[in-house]
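Visitor: How does the following fold in three dimensions:
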Amino acid sequence: MEAEAPRPLADRLRPANLDEVVGQDHLLRPEGGLRRLLQARHLPSLILWGPPGTGKTTIARLLARDSDLEFTALSAVFSGVADLRKAFDEARARRREGRGTLLFVDEIHRFNRSQQDGFLPYVEDGTVTLVGATTENPSFEINAALLSRAQVLVLHRLDDAALEALLQRAEAALGTDLPLQAEARTALRALADGDGRYLLNMAEQIDALAPEAPLDTAGMADLLQRRAPLYDKAQDGHYNLISALHKALRASDVDAGLYWLSRMLDAGEEPLYIVRRLVRFASEDIGLADPNALQQALAAKSAYDFLGSPEGELAIAQATIYLAVAPKSNAAYKAFGAAHRAARDTGSLMPPLHSLNAPTRLMKDLGYSAGYAYDHDSPEAFSGQDHFPEGMRRQRFYRPSDRGVEARISERLANWERLRREQRGRDSG
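Guide: Residues are numbered from 1 along each chain as shown. I've put the predicted structure just below:
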């Protein structure tokens, strides 16, 4: 009776062999990583890292079949210590009979650190071949000890060609073409957002509702509603998208910057988190090439504080555009880093005496402030006096670019260096 029970389309279309898996050619082509592992006839423990609906569970099942291993599945969401102990006991019993076990753990990152440590002895002695599936970055979510005993394989979100292949399989299984106009079919694939399971579920829903005429994009959207984008404000998506925004602005790609800003806001990101990155970007990647950049970023913060969402988000967009089109320079960022390293390396060198104030007679007697040249009394208000510590040679930390305001700053610094050389010549003469 179970075999006759209705099954979702996504389950009915689950690949029967690795050749039927779509979208993961980098792993499954003849020279791909998984194929090489199978050809070596020694399957190590694996961590399959990828977005939902990319085939992690299916690949684990097929690996067990192709490696002659018993497939045992657990979900970290629903399983506890008792379930793990039972799985390990059963695997140990099979091993005594000469049979191996592939233990598949879905959402393995949801097990806490001590639970993950519990896998170690069974993985090390070969009681189980562990295949863990995760949507989160294993570097952050999987214990280092367990990670060192497993190979991480990255699964990609399904591209448009892979999603179209799945749609064609769905239509073959349903025995009919989906009632969609061409642009609606394209929009359906985009709505799936790389998730094959979600795409098949939507295809099944469209077929079940059986619209009388082929749907356009708007009609399909009304039928299916809008899918919330994949995004976790506390996990990998949060850091990936803010990194994409930062790098788009650094590349002066204003349109890509607005896209990633919109993606984050659309997913519910805290706007002030984004503004904090914009403020940092203004100092790190623009600096004095355009001193107004920092003011624009801070003004966006003030405007958002005053207006809130959604009105204040326009100020954030304005700042994003300004930062993207501003001249770029990391000279201040690099100068501060170099000065910081020099400060650590030189320890506790005292300032030269002429740099020190002498508010008391004792300090004057000790030579504090002796020989200080008041720059405003010098030609061009520049004395050329050295203010580095005694015993430390002059160093040049700040090297302005030739872009924006820094081009004028560079000319000013060059003039001061010329005056400084002339002063040294007079002093030595």
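Visitor: burial measure for the closest residue to residue 134 other than its chain neighbours, as a count.
Guide: Leaving aside its chain neighbours, residue 134 sits nearest to residue 109 (4.5 Å; criterion: C-beta to C-beta, 6 or more residues apart in numbering). The C-beta positions use only the backbone N, C-alpha and C, and glycine is treated the same way. Neighbourhood size, residue 109 [other C-beta atoms under 10 Å]: 21.
Visitor: Surely residue 109 touches residue 142?
Guide: Yes. The pair residue 109 / residue 142 is scored as a contact, 6.4 Å apart, by C-beta atoms under 8 Å.
Visitor: joint contacts of the two?
Guide: Common neighbours of residue 109 and residue 142 are listed as residue 134 (criterion: C-beta atoms under 8 Å, 6 or more residues apart in numbering).
Visitor: So the closest residue to residue 371 other than its chain neighbours: helix, strand or coil?
Guide: The shortest distance from residue 371 to any non-neighbouring residue, by C-beta to C-beta, 6+ apart, is to residue 354 (4.5 Å). Under DSSP: H, G, I helix; E, B strand; the rest coil, the three-state class of residue 354 is helix.
Visitor: Model confidence for residue 354, exactly?
Guide: pLDDT for residue 354: 84.
Visitor: mind exporting the longest helix belonging to the chain as CSV, just the C-alpha atoms?
Guide: Scanning the chain for the longest helix, with DSSP state H as the assignment, gives helix 405-428. Taking Å, rounded to 0.1, in the frame of the first residue of the first chain, the C-alpha atoms of helix 405-428 are listed here in CSV:
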residue,chain,number,x,y,z
VAL,A,405,41.7,65.6,-3.7
GLU,A,406,44.7,63.4,-2.9
ALA,A,407,46.3,64.7,-6.1
ARG,A,408,46.5,68.1,-4.6
ILE,A,409,47.6,66.7,-1.3
SER,A,410,50.4,64.8,-3.1
GLU,A,411,51.6,68.2,-4.6
ARG,A,412,51.6,69.8,-1.1
LEU,A,413,53.6,66.9,0.4
ALA,A,414,56.1,67.1,-2.4
ASN,A,415,56.6,70.8,-1.8
TRP,A,416,57.1,70.3,2.0
GLU,A,417,59.6,67.5,1.3
ARG,A,418,61.5,69.9,-1.0
LEU,A,419,61.5,72.6,1.8
ARG,A,420,62.6,70.0,4.3
ARG,A,421,65.6,69.0,2.2
GLU,A,422,66.6,72.6,1.8
GLN,A,423,66.4,73.1,5.6
ARG,A,424,68.6,70.0,6.2
GLY,A,425,71.1,71.5,3.7
ARG,A,426,71.2,74.8,5.6
ASP,A,427,71.6,73.0,8.9
SER,A,428,74.4,70.8,7.6
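Visitor: buried set for it?
Guide: For helix 405-428, burial by neighbour count (16 or more other C-beta atoms under 10 Å) applies to 405, 406, 409, 410, 419, 420, 423.
Visitor: try stretch 110-123
Guide: Result for stretch 110-123 [16+ other C-beta under 10 Å]: buried residues 110, 111, 115, 116, 118, 119, 122, 123.
Visitor: So which other helices or strands are in contact with the helix or strand the third one falls within?
Guide: Counting by DSSP states H and E, the element that carries residue 115 is helix 113-117. If contacts are counted by 3 or more C-beta pairs under 8 Å, 6 or more residues apart in numbering; DSSP states H and E, helix 113-117 sits against helix 144-147.
Visitor: Give me the contacts around the helix it packs on.
Guide: For helix 144-147, contacts defined as C-beta under 8 Å, 6+ apart pick out 47, 116, 117, 119, 120, 123, 138, 139.
Visitor: For those, give me CSV that also has pLDDT.
Guide: As requested, those are exported to CSV (pLDDT from 0 to 100):
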residue, pLDDT
47, 94
116, 90
117, 88
119, 92
120, 92
123, 93
138, 89
139, 87
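Visitor: can you tell me which of these are in helices?
Guide: Among the contacts of helix 144-147, the members falling in helices (DSSP H) are 116, 117, 120, 123, 138, 139.
Visitor: residue ranges for the helices of the stretch 251-400 of the chain, please.
Guide: Assigned by DSSP state H, counting those that start in this stretch, the stretch 251-400 of the chain shows helices spanning 254-266, 271-281, 292-307, 313-325, 331-346, 361-365.
Visitor: Which other helices and strands does the second one contact?
Guide: Taking 3+ C-beta pairs under 8 Å, 6+ apart as contact, the helices and strands that helix 271-281 lies on are helix 236-250, helix 254-266, helix 292-307, helix 313-325.
Visitor: Just want the angle from the last one to helix 271-281.
Guide: Calculated by axes from the mean of the first three to the mean of the last three C-alpha atoms, to 10 degrees, helix 313-325 forms an angle of 20 degrees with helix 271-281.
Visitor: May I have helix 313-325 as PDB, with CA atoms only?
Guide: What follows is helix 313-325, C-alpha atoms only, in PDB (Å, rounded to 0.1, in the frame of the first residue of the first chain):
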ATOM      1  CA  GLU A 313      16.500  53.700   3.000                       C
ATOM      2  CA  LEU A 314      16.700  56.200   0.100                       C
ATOM      3  CA  ALA A 315      19.400  58.100   2.000                       C
ATOM      4  CA  ILE A 316      21.400  54.800   2.200                       C
ATOM      5  CA  ALA A 317      20.900  54.300  -1.500                       C
ATOM      6  CA  GLN A 318      22.200  57.800  -2.100                       C
ATOM      7  CA  ALA A 319      25.300  57.200   0.000                       C
ATOM      8  CA  THR A 320      25.900  53.900  -1.800                       C
ATOM      9  CA  ILE A 321      25.800  55.700  -5.200                       C
ATOM     10  CA  TYR A 322      28.100  58.500  -3.900                       C
ATOM     11  CA  LEU A 323      30.700  56.000  -2.600                       C
ATOM     12  CA  ALA A 324      30.600  53.900  -5.800                       C
ATOM     13  CA  VAL A 325      31.300  56.900  -8.100                       C
END
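Visitor: what does that helix contact?
Guide: For helix 313-325, the external contacting residues (C-beta under 8 Å, 6+ apart) are 245, 248-249, 252-254, 257-258, 261, 265, 271, 274-275, 278, 281-282, 285-286, 292-293, 296-297, 299-300, 303-304, 307.
Visitor: Got a quick PyMOL command for the buried subset of those?
Guide: This is how PyMOL selects the buried members of the contacts of helix 313-325, with burial counted by 16+ other C-beta under 10 Å:
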select buried, resi 245+248+249+254+257+258+261+265+271+274+275+278+281+282+285+286+293+296+297+300+303+304
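Visitor: circling back to that earlier point, the residue nearest to residue 371: what's it in contact with?
Guide: So residue 354 contacts 369, 370, 371, 372, 373, 385 (C-beta under 8 Å, 6+ apart).
Visitor: Quick check: it vs residue 347, distance?
Guide: Distance of residue 354 to residue 347, given as C-beta to C-beta, to the nearest Å: 21 Å.
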